[in-house]
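Asker: quick one, structure for this:
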Amino acid sequence: MATKLVNPPILPTPRFTKLIKTDHRIIQFFTRLTRYEDSALGFRPSYIISRVAEQNSGLFEDDATRTKVKTQLYQAVKGMNRGIYGVPSARKSEIERLVQLLESQNPTPHPTLNLHKVSGWWKLVYSTITILGSKRTKLGLRDFITLGDFLQNIDVAQGKAVNVIKFNVRGLNLLNGQLTIEASFKPASKSRVDINYEKSTITPEQLMNMFKKNYDLLLGIFNPDGWLEISYVDDTMRIGRDDKGNIFILERSE
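Answerer: Predicted structure coming up:
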């Protein structure tokens, strides 16, 4: 009786572990590994479930998934007035989780080598900088002065950054004014820039007179001196972390 030869099954090649670097940390993704075991019915696949070493997220499969997370992040910061007057702890944790998800999938892992990505105008949509308690009272932000847009212009060619914080004053025919802070920057690593404060001005003069007594307090809150880690940047969104532990989320502005 002739012996019938049966070719062994072709086993799929396991995917190897991928390493992704973000915020000077290595996040190790243990991808799903396939192991085949012998059984009475032949070869049978069994799986070791994938996990993430630092957070409960997998690799983004495409830009659509990244866009979905960005949409969720915009929704999470909606109505929070850029976080300047504080955010409930549960909402703050959710924002942090979504930020970390995007940071782990930064499409520009070496932003200072691609500074054209950060060039131009940006608008702040969320920050962990807060003005609370006596600080808010002293600056008049509790009663008659309200905060407008927070804008930033990055001039890559000159190595300059200009921050513009706008104010509206009730009771003076809705006087509009702004604090302008100019700083220089230079790359310190592939993802970090060192920032040096240069000068600041408040216009018009009436607004300067209101802040004159507490000008140092105001400048101390918004002074960008130090370093900034550009942890995520694409065509429409930028996320950064500074040396004071703050998070900044900005969107591209016209």
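
Asker: okay, now the unreliable bits of the stretch 1-150 of the chain?
Answerer: Applying pLDDT under 70 to the stretch 1-150 of the chain flags residues 1-61.

Asker: which parts of it are helices?
Answerer: 63-77, 89-103, 133-138 (DSSP state H, counting those that start in this stretch).

Asker: which one of those lies closest to T203?
Answerer: Among the helices of the stretch 1-150 of the chain, the nearest to T203 by CB to CB is helix 133-138 (20.8 Å). Just so you know, the C-beta spots here come from the backbone N, C-alpha and C atoms, and that holds for glycine as well.

Asker: got the buried residues for the closest one?
Answerer: The neighbour-count check on helix 133-138 (16 or more other CB atoms under 10 Å) flags K135, R136 as buried.

Asker: for that helix, packing partners?
Answerer: Contacts defined by 3 or more CB pairs under 8 Å, 6 or more residues apart in numbering; DSSP states H and E place helix 133-138 against helix 215-222.

Asker: ok, which of the helices of the stretch 1-150 of the chain comes nearest N176?
Answerer: That would be, of these and by CB to CB, helix 133-138, which comes in at 20.0 Å.

Asker: give me the contacts around the closest one.
Answerer: By CB atoms under 8 Å, 6 or more residues apart in numbering, the residues outside helix 133-138 that reach it are Y85, R142, D143, N214, L217, I221.

Asker: mind doing that once more with 10 Å?
Answerer: 84-86, 130-131, 141-143, 145, 211, 213-214, 217-218, 220-221 (CB atoms under 10 Å, 6 or more residues apart in numbering).

Asker: quickly note the distance from A90 to A76.
Answerer: Distance, A90 to A76, by CB to CB, to the nearest Å: 10 Å.
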